[in-house]
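Peer 1: pasting the sequence and the predicted coordinates here, then a few questions.
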Amino acid sequence: MNQPDILHQIGQQSPKVLFQYNLTEHKFDYLSPAFYEIWEITASQGQELPQRLLDSVVDEDRPALARCWKKLLKGEHVDQIARIEQRGLKRYMRCLAYPIFDGDQQVVALAGMAENVTQQQEFINYLAEFGQRKNSALEMVMHDLRGPLAIVKSVTTLLRQDIQDNKKEELAHYTDIIEKACVQCTNLIQDLLNEEHLKSPEVYVNKSRVNMSEQVRDVVEFYQKGQMVQQQFVLQLPEEPLMVELDLIKFSQILNNLISNSIKFTPSTGTITIQAYQDGEWAVLEHSDSGIGIPEHLLPKVFERRSIASRQGLNGEESRGLGLAIVFELVRLHGGTISVQSQEQEGTSFTIRLPKYGA
């Protein structure tokens, strides 16, 4: 049995496309029957019109194929995955090709196999996306745990001093603050480990109907009781409940990051103002401070992760360039928008618009 017969018998049985391409005549000498299952044209049509194969490759992947072609002509083998599109359907194809040499060691043909790896590649893409989301979530939680833990550290210092001064009446007050900080940390961790989050690369948002003004008061009170904030808080909240569908943990993260950012860049004699109101079908939260502001050329970058807009705080606090990026993402997950206005030495204002309950 000669070699072409062996190749033919393998090709008849294999779900992979086996091929041999003649570089002198610019056509396929052999294409196995699996070719039709992928390209939906007969092997004879493919042999006659090899350009149709290249035409089916998506534009973004053609430069990679051009590089592979050059390598093959130099006598190197290639293993490349490329996307093809037919009738609006995209598929991933893996092609493993080898150069065939004549007696003068000149490349005269190409041979190899191609297979549909769409299912495998989509699973790889899913794992990559899931891993990226997992890393992002871990990064977010590690960043946002720093706030509550900093308050715990501050309160333990106060506890130690009051114990020395025999001010036992303050102990219950400080214990309550520590307990709330620990609950915040636990909730953040539990939210990360939520079963829904582990099942999907998308962040799980657990909304409930709440009074947004009340949530703002609770978070601000937490900072004030911890005696971490020297700046003056000014709350401008409506008397009537401002009901919004919120994920309480994620909304607390939004507020914590905005407040922490203001503390970092506002002098101790400055003010931090939080205003909430209704605007049609939207609930609006305006967070502003009288801090050092943001240079105009950095404003377009403030919501980027690890952006060039990240700077040291007034007291040398390090910035990891995550806080405002986290705020932007969490606002987006609530179906809202966030914008920023700032002038150097005059302060910064963030405006968050969230859809009201039932809107």
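Peer 2: Received it, and whenever you're ready, just let me know what you need. Source: prediction; values computed, not measured.
Peer 1: show me the shaky parts of the stretch 51-200 of the chain.
Peer 2: Low-confidence segments of the stretch 51-200 of the chain (pLDDT under 70): 127-177, 179-200.
Peer 1: where do the strands of it begin and end?
Peer 2: 78-86, 89-101, 107-116 (DSSP state E, counting those that start in this stretch).
Peer 1: export those to TSV and tack on distance to S260 and mean neighbour count?
Peer 2: For glycine as for every other residue, the C-beta is placed from the backbone atoms N, C-alpha and C. Shown next, in TSV, are those (distance: least, C-beta to C-beta, whole Å; neighbours: other C-beta atoms under 10 Å):
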stretch	distance to S260	mean neighbour count
strand 78-86	44	16
strand 89-101	44	16
strand 107-116	50	18
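Peer 1: output those in TSV; the columns should cover distance to D5.
Peer 2: Shown next, in TSV, are these (distance: least, C-beta to C-beta, whole Å):
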stretch	distance to D5
strand 78-86	27
strand 89-101	18
strand 107-116	16
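Peer 1: need the helices for the protein, in chain order.
Peer 2: Using DSSP state H, the helices of the chain run over 3-13, 34-39, 43-48, 51-55, 62-73, 118-164, 171-192, 195-199, 212-225, 248-265, 323-333.
Peer 1: output the second one as CSV, nothing but the C-alphas.
Peer 2: Read that as helix 34-39. In CSV, the C-alpha atoms belonging to helix 34-39 read as follows (Å, rounded to 0.1, in the frame of the first residue of the first chain):
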residue,chain,number,x,y,z
ALA,A,34,-14.1,16.5,7.0
PHE,A,35,-13.3,19.6,5.1
TYR,A,36,-17.0,19.9,4.0
GLU,A,37,-18.3,19.6,7.5
ILE,A,38,-16.4,22.8,8.5
TRP,A,39,-16.4,25.0,5.4
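Peer 1: G270 contacts V234, correct?
Peer 2: No. Using C-beta atoms under 8 Å, G270 makes no contact with V234, being 10.7 Å away.
Peer 1: for these two, indicate the residue with more neighbours.
Peer 2: Counted by other C-beta atoms under 10 Å, G270 and V234 do not tie: G270 has more neighbours, with 18 against 13.
Peer 1: gap between that one and H287?
Peer 2: Counting by C-beta to C-beta, to the nearest Å, the gap from G270 to H287 is 14 Å.
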